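J.: With the sequence up front, the predicted model follows.
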Amino acid sequence: MNAPSEIETVEQLDELLSRPTPGVEAVLRQLAGDVVVLGVAGKMGLTLARMVRRALAAPHRVYGVARFTRANARLELEQHGIETIACDLLDRASVAQLPDAPYVIYMAGQKFGTSAAPEITWAMNTLAPAHAAERYARSRIVAFSTGCVYPLVSTESCGSREDDELGPPGDYANSCVGRERIFTYFSKKHQTPVALVRLNYAIDLRYGVLLDIALKIWQGEPVDVTMGYVNVIWQRDANAQAIQCLAHATVPPFVLNVTGPEKLSIRALAEKFGQLLDRPVKIRGTEAPTAWLNDSRRAWQLFDPPTASVDDMMRWVAAWIRRGGPTLGKPTHFEVRDGKF
C-alpha cells in the first residue's frame, strides 16, 4: 500500500482518489478506446472519470454525461480533460444522441427520497438503464449496482456471495434488482458484454459510513449499533475495480461484489473514533443478528491489493473532521434495516 500519512485539502484528496492503480493502467492500455461515463456527476463519478482520463492514452476521449445540476461539477471535469454532455437519461431521445464509444460505465441511480416518491426511484433505476442499454448495445458496459440487492445475512457469516439469491427489503433495493435485470435482459438480447458492480460502501473523507460514525461522536450524538456490522472500501479502490471490470464484462453479465475484505463492527469503529477524536462515545441499541454484508473475495483475487487500510481511512477521517474539512451533507443511512430511504 502507498497511503499518505495525511490528507489536508480537497485537491490532495481528489488527486489521490483519481490516481490510477497499476491494474487500471494495464486494462485501459489493453482496451484502448473512448469511454462514456453515464451519471458522472455523483459522489464517485467525478474521481472515477478523472482516473479513466489519467490512465487512458490520447487520442481516446472520455465523455462525462449527467444532468449537471451543479455547474461546478461540469467545470471540474472539463478542467481535467473530460468532455461533458448534459443529458437526462430518462429522455430516450436525448440518450439516442449521445456519442458512440466502445466502453461505457453506468453510474446513474437514485436512493434517497424513495419513500416519498418510489415511482421516481423505479424510473431512474430501471427505465434509465433500459435507455442506456439500448443506446450502447454494441459497447462493453460496467453498471454500478449495490450490495443492498441481497437480503440481510447472519453477522456470523462472511457475507453474501455473487451467486446467492437476491431478495432485499424496500423499494430502493428492489429497484436496484430491477436495474440488474434490465441490464441482463439487454445483455442477452443484444449480446452486449456487461459487468454488474455490487458496491458496498465507498469511503471518501466527505461522505461515507466512517464519516457518519465519526461525525456523531464529534457532535456528541449516539451511534446506533443495531446494524452491527458493515463492509467499506476506499473510493480509489472501488473506482479502480469498477474500471477494471470493463475487461471482465460478459454475456450474461459478470457479477462482482466490490467492498473491503473485512467485516467491521460498528461498535468497535465508534470506540476507535472516540479515541482518535478524544470524545466520549454514546452507543444506542443492540447488535441485530443480521446485517447487509458482502463477501468480496472474488474481487480481491482479481485485482490489486487495497491502497488504503481501515486504519488509514479512520485516521484521515478523524483528522479531516478536526480540521473542519468540507462534507457533502449526505449521510449513508447505513443504520436503515427496512430498506426505506
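T.: Thanks, I have the structure now.
J.: from here on, contacts and neighbour counts on C-alpha atoms
T.: OK.
J.: Need the nearest residue in space to the residue of the chain most remote from its centre, chain neighbours excluded.
T.: Among residues of the chain, the one most distant from the C-alpha centroid is P280; the distance is 31.0 Å, by C-alpha atoms, centre = their mean. Sequence neighbours aside, G274 is the residue nearest to P280 in space, at 5.8 Å (criterion: C-alpha to C-alpha, 6 or more residues apart in numbering).
J.: show me the contacts for the one you found.
T.: Shown in contact with G274 (C-alpha atoms under 8 Å, 6 or more residues apart in numbering): 214, 217, 280-281.
J.: Check it and give its pLDDT.
T.: Model confidence at G274, expressed as pLDDT, equals 98.
J.: One more: S5?
T.: S5 is given a pLDDT of 87.
J.: tally of neighbours for the residue lying closest to T146 once chain neighbours are set aside?
T.: Leaving aside its sequence neighbours, T146 sits nearest to R198 (C-alpha to C-alpha, 6+ apart; 4.2 Å). Applying other C-alpha atoms under 10 Å, we find 25 residues neighbouring R198.
J.: Mind checking what helix or strand follows the helix or strand encompassing Y63 in sequence?
T.: Using DSSP states H and E, Y63 falls within strand 62-66. With elements assigned by DSSP H and E, the helix or strand that comes after strand 62-66 is helix 71-79.
J.: Please narrow the contacts of G274 to those residing in helices.
T.: 214, 217 (DSSP state H).
J.: ranking the contacts of G274 by neighbours, who comes first?
T.: The residue in the contacts of G274 with the most neighbours, by other C-alpha under 10 Å, is A214 (27 neighbours).
J.: And it, how close does it get to E8?
T.: Taking C-alpha to C-alpha, to the nearest Å as the measure, A214 falls 17 Å from E8.
J.: do the same with Q244
T.: According to C-alpha to C-alpha, Q244 and E8 sit 29 Å apart.
J.: between those two, which one's more packed in?
T.: Neighbours per residue (other C-alpha under 10 Å) separate Q244 from E8, with Q244 holding more: 22 against 13.
J.: Doesn't N125 belong to a helix?
T.: Yes: assignment of N125 by DSSP: H, G, I helix; E, B strand; the rest coil places it within a helix.
J.: What about E180, how many residues nearby?
T.: If you count neighbours by other C-alpha under 10 Å, E180 ends up with 25.
J.: Is it correct that it is in contact with V194?
T.: No: in this structure E180 lies outside contact range of V194 using C-alpha atoms under 8 Å: 10.1 Å.
J.: Show me where the stretch 1-150 of the chain has its strands.
T.: Secondary structure of the stretch 1-150 of the chain (DSSP state E, counting those that start in this stretch): strands located at 35-38, 62-66, 83-86, 103-106, 140-146.
J.: May I ask which two of the contacts of G274 are separated the most?
T.: Largest separation among the contacts of G274 by C-alpha to C-alpha: A214 and P280, giving 11.3 Å.
J.: What are the boundaries of the helices in the stretch 151-300 of the chain?
T.: Ranges of helices in the stretch 151-300 of the chain, per DSSP state H, counting those that start in this stretch, are 171-190, 209-218, 235-244, 266-277, 297-302.
J.: highest average neighbour count across these?
T.: helix 235-244 (a mean of 25; mean count of other C-alpha atoms under 10 Å).
J.: residues in contact with it?
T.: 16-21, 23-24, 27, 44, 47-48, 51-52, 105, 142, 144, 197, 199, 202-204, 258-259, 299, 303, 306-307.
J.: Among those, name the buried ones.
T.: Neighbour counting over the contacts of helix 235-244 (16 or more other C-alpha atoms under 10 Å) leaves 16-21, 23-24, 27, 44, 47-48, 51-52, 105, 142, 144, 197, 199, 202-204, 258-259, 299, 303, 306-307 as the buried ones.
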